[in-house]
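Enquirer: here you go, sequence then predicted model.
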Amino acid sequence: MGKRQKSRLAFLTRKLLHNWDAKGVFVMKVTIIGAGPAGSLLAHYLLRRGQYQIDIYDSRPDPRKISFSKYRTFPLLLSERGLNALRNIGLEEAVKSHGIENTGMINYSKNSKPQELVRRKPILTIDRNTLVNTLLEKLEEKDKNRQVNIYFNSRCIGVDFRHKRLKFKKETEEEITVGYDFLFGADGVRSVVRTHFLNTERFEFEQSYLHEVYKTVYLSRINDKLRINLEPNKLHSWKLEDGTRLLAMPQPDNTLSCGLVFNHKKNQVMGISSKSEVREFFEHNFPEVAKLMSESEAEAFVKRPGWNFVTIRCNRYHQGDSVLIIGDAAHAVPPTIAQGCNSALEDVIVFDRILDEYDDDYTKAIPQFTARRIRDAHTLKNLAENSIPISKPLFLQFVLRRKFARTMNQLFPQFFAPFFLDLIAETTVPYSEILKSAKDWLSKVKKSNHKILDSSY
């Protein structure tokens, strides 16, 4: 008997012996590690399909019950891929009601007037916690038959693929062991589920750190006394000579969620050790931002850690026919083209379509996910790392290329395709297909960026 036949026989045996509900209906136990955007959305899709018991475990506290200041969060940009995954399950409007529709970007410079870039198609700005909270609240509303259990403060400390067992440590330090029929690792860049793939045959995994680090900054968008009112439907961006960048995303409550990105070795940021130094740094480099920063935020900025950008690349996303990793656990990318969360949400709709194709036979659908998704995920890593140049001359060329592509596409759409980054943000065209029109540009940027980064060390 072959390996696949044995697996199928084991599945049928479990079906015969257990997992029946009170009405005599078979219930398959699906366990999701990670209650972030991908894990929560996956639970929505599985709940819609019917006869499953869905258990979600997350190592963090319930984000709906913890104050904003105590919890790490950051702003997200949801474009067509992510919105399509939400729309398909009836969640788009609920999520949009907690975000802001973004129509472009304003770039600020010390020596010139701000420049405005207009988006052809709006995208959604939303805080990560807000997105997760909305998904969890809607999940509980839909769960009329109590098929979903969510366990927070439950850190996964062991995975036994052979016996389909999981071990968790609770907040009380109590350890529990549970079983599963099918397991999904949606537990982010430091995925525990993926770590256990390393003990399996021929699994290849690459983790790399970008040369940049980011710190979050939280500001008011409005200062009435100084007559400052940054546009609510635009991103606001600043860039310094040393490459340090600040991106501010307006939120519905008239605040700005900002990300300060800087070189992890040569920068002005990590040496800041007092509130007065914070003030001095922002007043000198980002004067518009300094006028919006409160005393409490300046103090909090000193204590707030910097976070590394991590990229993840795997040669497969499944283990056998019962375990699958998705989202950042499978293919984390830098935020340069704002596709990390969008691709994670898109993973869910891709898997849902595979389940449709295989009539909910998970033993076939799970291995198929790797076959269908890996080329696009690897392509996305290339796009995210090499689309935006570091050098000023090449960045000017990038701006001109984008303007030319957009103009020609608007005038002669039958002859000129949209700019490749517009295709990424505005469509659900597979990343691997988009690569065809961007290959030469990515190669040029990669060489240029590597040259600059090598010289900085």
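Expert: All right, it came through fine.
Enquirer: for the rest of this, base every contact and every neighbour count on C-alpha atoms.
Expert: OK.
Enquirer: centroid-nearest residue for this protein?
Expert: By C-alpha atoms, centre = their mean, the chain has its centre lying nearest to C341, at 2.5 Å.
Enquirer: can you map out the strands along the stretch 301-450 of the chain?
Expert: Using DSSP state E, counting those that start in this stretch, the strands of the stretch 301-450 of the chain run over residues 307-314, 318-319, 323-325.
Enquirer: pull out the buried positions in stretch 313-323.
Expert: Buried residues in stretch 313-323, counting neighbours by 16 or more other C-alpha atoms under 10 Å, are found at 313-314, 316-323.
Enquirer: residues making contact with it?
Expert: Residues from elsewhere that reach stretch 313-323 (C-alpha atoms under 8 Å, 6 or more residues apart in numbering): 7, 161, 181-185, 197, 200, 203-207, 324-326, 330-332, 362-367, 369-370, 374, 378.
Enquirer: tell me where the stretch 201-350 of the chain has helices.
Expert: 275-285, 287-290, 295-303, 328-331, 340-357 (DSSP state H, counting those that start in this stretch).
Enquirer: nearest to S387, out of those?
Expert: helix 340-357 (14.5 Å; C-alpha to C-alpha).
Enquirer: which one of the strands of the stretch 301-450 of the chain lies closest to L423?
Expert: strand 307-314 (22.4 Å).
Enquirer: quickly run through the sheet partners of the closest one, with directions.
Expert: strand 205-220 (antiparallel) (DSSP bridges).
Enquirer: just the buried positions in the strand it pairs with, please.
Expert: Neighbour counts over strand 205-220 (16+ other C-alpha under 10 Å) mark 212-220 as buried.
Enquirer: where are the low-confidence patches of the protein?
Expert: Along the chain, segments meeting pLDDT under 70 span 1-26, 68-72, 454-457.
Enquirer: rerun that using 80 as the cut-off
Expert: Applying pLDDT under 80 to the chain picks out residues 1-27, 67-74, 110-111, 265-266, 452-457.
Enquirer: how far does the longest helix anywhere in it sit from its chain's centre?
Expert: Using DSSP state H, we find that the single longest helix of the chain is helix 362-386. Counting by C-alpha atoms, centre = their mean, to the nearest Å, helix 362-386 is centred 15 Å from the centre of its parent chain.
Enquirer: report the buried residues of it.
Expert: Neighbour-count burial for helix 362-386 flags 362-370, 373-374, 376-386 (criterion: 16+ other C-alpha under 10 Å).
Enquirer: what about stretch 286-298, start to end distance?
Expert: From the first residue to the last, stretch 286-298 extends over 14 Å; the measure is C-alpha to C-alpha, to the nearest Å.
Enquirer: can you list the buried residues in it?
Expert: For stretch 286-298, a neighbour-count test (16+ other C-alpha under 10 Å) marks 286, 289-293, 297-298 as buried.
Enquirer: turn these into CSV, columns for distance to T407.
Expert: Below are these laid out as CSV (distance: C-alpha to C-alpha, whole Å):
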residue, distance to T407
F286, 33
V289, 33
A290, 37
K291, 37
L292, 37
M293, 39
E297, 42
A298, 43
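Enquirer: what's the farthest-apart pair in these?
Expert: Of all pairs drawn from the buried residues of stretch 286-298, the widest gap by C-alpha to C-alpha lies between F286 and E297 and measures 15.1 Å.
Enquirer: list the strands paired with the helix or strand containing E116, with their directions.
Expert: For E116, the enclosing helix or strand under DSSP states H and E is strand 115-127. Using DSSP bridges, the strands paired with strand 115-127 are strand 75-78 (antiparallel), strand 100-108 (antiparallel).
Enquirer: ok, which of these comes nearest I126?
Expert: Among the strands paired with strand 115-127, the nearest to I126 by C-alpha to C-alpha is strand 75-78 (5.4 Å).
Enquirer: now the element after the closest one, going C-ward?
Expert: According to DSSP H and E, the helix or strand after strand 75-78 is helix 80-87.
Enquirer: what does that next one rub up against?
Expert: 41, 92-93, 123, 341-346, 348-349, 425-428.
Enquirer: again, only this time at 7 Å
Expert: Residues outside helix 80-87 that contact it (C-alpha atoms under 7 Å, 6 or more residues apart in numbering): 92, 342-343, 345-346, 349, 425-428.
Enquirer: over to stretch 342-352?
Expert: Contacts for stretch 342-352 (C-alpha under 7 Å, 6+ apart): 38, 42, 45, 78-79, 81-82, 85, 326-328, 369.
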